[in-house]
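A.B. asks: Predicted coordinates and the sequence they were generated for:
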Amino acid sequence: MKSLFLSLIAIGLVGVLFAQPELNGGPVNVPADGIVDGVYIKEHIPTKKMIPYEYVREADVIWSKRAWEYIDLREKINHSMYYPLDEITANGTWIRHAERWSLWTVIRNHVLNGDLRLFSPFTENNLFGEKDGDQLKYPVDPEPGMNFYTDSAFREKLVYYFGQLGAQSDIPLTDEFGEPLVRMTADGFEEYVYPDRDTVWFTSEDIVQYRIKEDWFFDKERSVLDVRIIALAPVVNNIELLADGTKSINGTKELFWLYFPHCRFVFNNYLVYNEKNDAQWMSFDDLFWKRRFNATIYKESSVYDRKVETYRTGIDALMESQKIKEDMRTIEHDVWNF
């Protein structure tokens, strides 16, 4: 009887040992039954729960400052957000890494599935070209219970935020006799009919920055200087595709904004590579929480409401950004002094 009892316990332990945790919609690399790809089962990140923010009362905030920063993905410390690269083939197949995803791959997957809500960076009807998307006023939503794959209207809207139209072909369409198709314009002139422009989808390789809007504040209840990210936006180069196939880069553009506290529920279950220690990987939520990235302030809340680049250039702009950040960090010291 005792041996039977011990056998049942052993079987139960084996079942627990080889049980694979369920990921939050992310990449799953599950070997054959009874196989552990490594010394132990990696279950810390896939099964962890998000740590909620400390509750902050308005009356307890004695100082606050809003800042906008950009995370340059060319910097080595930020490569964990950029890699591994994904790929979209000519037939539209989305190829992703089996074990871990870049931050863009995570965002794209969950926006298409309807888990994350994106906000347009422009006003709804683009009046005066005003850009105020970081205020999260213009959501782009599918029909209730639907997503990119089931809502055609939502799918047409997302083309603008996740891709761009390719170059227009200079070869017109032809009829069954090989003659170019011609149509009449509203002015009574004839023009050739060209094929529709293809959609070029953005991949993780196209993302050059992430912009964040955050609030720095001193909480007298906890006696700490804290910072909370409010919104996050992926940024790509503003590329114009010419008819001859060449590309012209004209600055950068924000694709859309995301409400960061909602993103935390998704980022919490995706691995971030640690190049120094394979046993101490973290999640994307940990990366932002612990500030394991380098960012440069490009705007602060001020009476002028202006970006740093409007009054500083080159190395002076970087030094001004650093000065703004140091001034905010010394607030905690000044509060304790006075």
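C.D. replies: All right, it came through fine.
A.B. asks: Flag the shaky bits of the stretch 1-150 of the chain, pLDDT-wise.
C.D. replies: Along the stretch 1-150 of the chain, the model assigns pLDDT under 70 to residues 1-33, 45-46, 124-131.
A.B. asks: let's go with 90 and repeat that
C.D. replies: Counting by pLDDT under 90, the stretch 1-150 of the chain contains low-confidence residues at 1-51, 86-100, 120-135, 137-138, 145.
A.B. asks: can you pull out the helices in it?
C.D. replies: With DSSP state H, counting those that start in this stretch as the criterion, the stretch 1-150 of the chain has helices at 2-17, 44-47, 79-82, 103-112.
A.B. asks: Quick check: buried residues in the longest strand along the chain?
C.D. replies: Taking DSSP state E as the criterion, the chain has its longest strand at strand 224-241. Of all the residues in strand 224-241, those buried under the rule 16 or more other Cβ atoms under 10 Å are 225-226, 229-236, 239, 241. For glycine as for every other residue, the C-beta is placed from the backbone atoms N, C-alpha and C.
A.B. asks: can I assume residue 211 is in contact with residue 256?
C.D. replies: No - using Cβ atoms under 8 Å, residue 211 is not in contact with residue 256, being 10.9 Å away.
A.B. asks: More neighbours: these two, which one.
C.D. replies: residue 256 (24 against 21; other Cβ atoms under 10 Å).
A.B. asks: Would you convert the buried residues of strand 224-241 into CSV that also reports distance to residue 314 and pLDDT?
C.D. replies: As requested, these are exported to CSV (distance: Cβ to Cβ, whole Å; pLDDT from 0 to 100):
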residue, distance to residue 314, pLDDT
225, 30, 92
226, 32, 94
229, 28, 97
230, 29, 97
231, 28, 97
232, 27, 97
233, 24, 96
234, 26, 96
235, 20, 95
236, 23, 94
239, 24, 77
241, 30, 67
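A.B. asks: Looking at those, spot the one nearest residue 313.
C.D. replies: Of all those, residue 313 sits closest to residue 235, with 19.7 Å by Cβ to Cβ.
A.B. asks: wait, what's in contact with that closest one?
C.D. replies: Applying Cβ atoms under 8 Å, 6 or more residues apart in numbering to residue 235 gives the contacts 70, 207-211, 252-255.
A.B. asks: now it: how far from residue 329?
C.D. replies: Distance of residue 235 to residue 329, given as Cβ to Cβ, to the nearest Å: 25 Å.
A.B. asks: again with residue 182
C.D. replies: Distance from residue 182 to residue 329, by Cβ to Cβ: 67 Å.
A.B. asks: Show me the strands in the stretch 101-250 of the chain, by range?
C.D. replies: Ranges of strands in the stretch 101-250 of the chain, per DSSP state E, counting those that start in this stretch, are 118-119, 139-140, 163-165, 182-184, 190-192, 199-201, 207-219, 224-241, 247-254.
A.B. asks: Out of those strands, flag the one nearest residue 103.
C.D. replies: Distance to residue 103, taken as Cβ to Cβ, is lowest for strand 207-219 among these, at 7.1 Å.
A.B. asks: looking only at pLDDT, what's the mean for that closest one?
C.D. replies: Strand 207-219 carries an average pLDDT of 96.
A.B. asks: Redo the contacts of residue 235 as CSV? Include distance to residue 160.
C.D. replies: As requested, those are arranged in CSV below (distance: Cβ to Cβ, whole Å):
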residue, distance to residue 160
70, 22
207, 16
208, 18
209, 19
210, 19
211, 18
252, 16
253, 11
254, 12
255, 9
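A.B. asks: Just among those residues, which is most surrounded?
C.D. replies: residue 210 leads these on contacts (other Cβ under 10 Å) with 25 neighbours.
A.B. asks: correct me, but it touches residue 68?
C.D. replies: No - judged on Cβ under 8 Å, residue 210 makes no contact with residue 68 at a distance of 11.6 Å.
A.B. asks: and residue 93, how many neighbours?
C.D. replies: 8.
A.B. asks: Got the phi and psi for it?
C.D. replies: phi -80, psi 130 (degrees, to the nearest 10).
A.B. asks: Compute the distance between it and residue 201, please.
C.D. replies: Counting by Cβ to Cβ - residue 93 and residue 201 are separated by 11 Å.
A.B. asks: got the contact list for stretch 185-192?
C.D. replies: Around stretch 185-192, the neighbours that count as contacts under Cβ under 8 Å, 6+ apart are 172-173, 180-184.
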